[in-house]
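Q: Sequence first, predicted model second:
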Amino acid sequence: MSSDTLIEIKDVNFAYGRRPILTGINMTIPRGKVVALMGISGSGKTTLLRLIGGVMKPTSGEVWVNGQCTSALDTQGIYRMRRHMGMLFQFGALFTDLSVFDNVAFQMREHTELPESMIRDLVMMKLHAVGLRGAARLMPSELSGGMARRVALARAIALDPMIMMYDEPFTGLDPISLGVIANLVRELNDTLGTTSLVVTHDVQEALDVVDYVYYLSDGKMMAHGTPEEMRANRDPLVHQFVYGEAEGPVAYQYPSSDYAQELRMGERHAA
């Protein structure tokens, strides 16, 4: 594993029982880059994040993170590794009974022995980075969707993680909030020197801020490349996804019998 590589996935297969989810996945994620994992719902993107975070182990193959094979780590080793990771969940997942300040302070209080005076300064620094220092005393119920996502992002970067993982960070946001979050993903990655993995199917927004893209379909790696290469990819499956076309390999109609024949059969039964 090269010193420039932070995450490497080697011939990974994963299945729930007999149902395959990921098949033959190979990925190399360099340090300091923003990498998108794209694909339609159910293609295995979030499962990949769980494998990288050590939540699950591959059925076969290896997941390496910062020189460590996650399958070889015991529970304490997984916990130590996760302390270097930040996670932004799809809808923020803020603690509803804690203020904005206390949400961001949570990890610092749990995993460090810093004095409250220093925690206060660090929390305000993180909130300032996402433009919400003035909202520190608000409760989650008082926040808009975009503000809640930014608070969740401030909480995720509280311990200056080596790896940031984003699970559908743009879902449900208005265009302005979406643009703010997309720019924050890029700016915070470059400012903090982290490596970011962005799971998304919001194609155009992601292509504007990421360095590299992996495209999955039915649990298989179908294409990868820079944003420019993905936009120029002529594979029908990739092209349909990137440009959001209704017609293509991904059919609108769920597989079924011939509709005209079904109608004729219905007429015969009615007679």
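A: Okay, I see it.

Q: just the helices in the stretch 1-150 of the chain please.
A: 45-52, 75-82, 100-111, 116-129, 145-156 (DSSP state H, counting those that start in this stretch).

Q: Please identify the most buried of those helices.
A: By mean neighbour count, with neighbours taken as mean count of other CB atoms under 10 Å, helix 145-156 ranks first of the helices of the stretch 1-150 of the chain at a mean of 23. For the C-beta atoms, the positions are set from N, CA and C on the backbone; glycine is no exception.

Q: Which helix or strand lies directly C-terminal to the longest helix anywhere in the chain?
A: Criterion DSSP state H: the longest helix present in the chain is helix 175-192. The helix or strand immediately downstream of helix 175-192 is strand 195-200, counting by DSSP states H and E.

Q: Pull the distance from that next one to the chain's centre.
A: 5 Å (CA atoms, centre = their mean, to the nearest Å).

Q: Please enumerate residues in contact with that strand?
A: With contacts defined as CB atoms under 8 Å, 6 or more residues apart in numbering, strand 195-200 is touched by 6-7, 29-38, 45-46, 48-49, 52, 162-170, 185, 189, 206, 210.

Q: Weed out the non-buried ones from those.
A: 6-7, 29, 31, 33-38, 45-46, 48-49, 52, 162-170, 185, 189, 206, 210 (16 or more other CB atoms under 10 Å).

Q: confidence score at residue 267?
A: Residue 267 is assigned 63 on the pLDDT scale.

Q: what's the pLDDT at residue 72?
A: At residue 72, pLDDT is 89.

Q: related to what we said a few turns ago, take the helices of the stretch 1-150 of the chain and lay them out in a markdown table including mean pLDDT and distance to residue 174.
A: Formatted as a markdown table, the helices of the stretch 1-150 of the chain follow (pLDDT from 0 to 100; distance: least, CB to CB, whole Å):
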| stretch | mean pLDDT | distance to residue 174 |
| --- | --- | --- |
| helix 45-52 | 89 | 23 |
| helix 75-82 | 89 | 32 |
| helix 100-111 | 91 | 20 |
| helix 116-129 | 92 | 21 |
| helix 145-156 | 88 | 7 |
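
Q: right, and these - which one's nearest residue 137?
A: When the helices of the stretch 1-150 of the chain are compared by CB to CB, helix 100-111 sits nearest residue 137, at 6.4 Å.

Q: Just give the closest residue to residue 139, not the sequence neighbours.
A: residue 99 (5.8 Å; CB to CB, 6 or more residues apart in numbering).

Q: Give me the neighbour count for the one you found.
A: Residues lying near residue 99 (other CB atoms under 10 Å) number 18.

Q: What residues does it make contact with?
A: Contacts of residue 99 by CB under 8 Å, 6+ apart are 136-139.

Q: Go ahead and build a ChimeraX selection from the buried members of these.
A: Per 16+ other CB under 10 Å, the buried members of the contacts of residue 99 correspond to this ChimeraX selection:
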select :136,138
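
Q: looking at the sheet around residue 19, what are its partners?
A: residue 16 (DSSP bridges).

Q: Now for it, how many residues are close by?
A: 7.

Q: I'd like the contacts of residue 99 as TSV, with distance to residue 222 appended.
A: Formatted as TSV, the contacts of residue 99 follow (distance: CB to CB, whole Å):
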residue	distance to residue 222
136	44
137	47
138	43
139	43
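
Q: what residues does stretch 209-216 touch?
A: In contact with stretch 209-216 (CB under 8 Å, 6+ apart) are residues 25, 27, 33-39, 43-45, 48, 182-183, 185-186, 198, 206-207, 221-227, 230, 238, 241.

Q: Oh, that last question was meant for stretch 113-127, not what I typed.
A: Taking CB under 8 Å, 6+ apart as the rule, stretch 113-127 contacts 100-101, 104-105, 108-109, 112, 133, 135-136, 151, 154-155, 157-158.

Q: Farthest-apart pair in those, please.
A: 112 and 135 (23.4 Å).

Q: okay, the two: which has more neighbours?
A: residue 135 (19 against 14).

Q: Quick check: mean pLDDT of stretch 243-256?
A: 68.

Q: I meant stretch 5-14, not that one.
A: Stretch 5-14 comes out at a mean pLDDT of 93.
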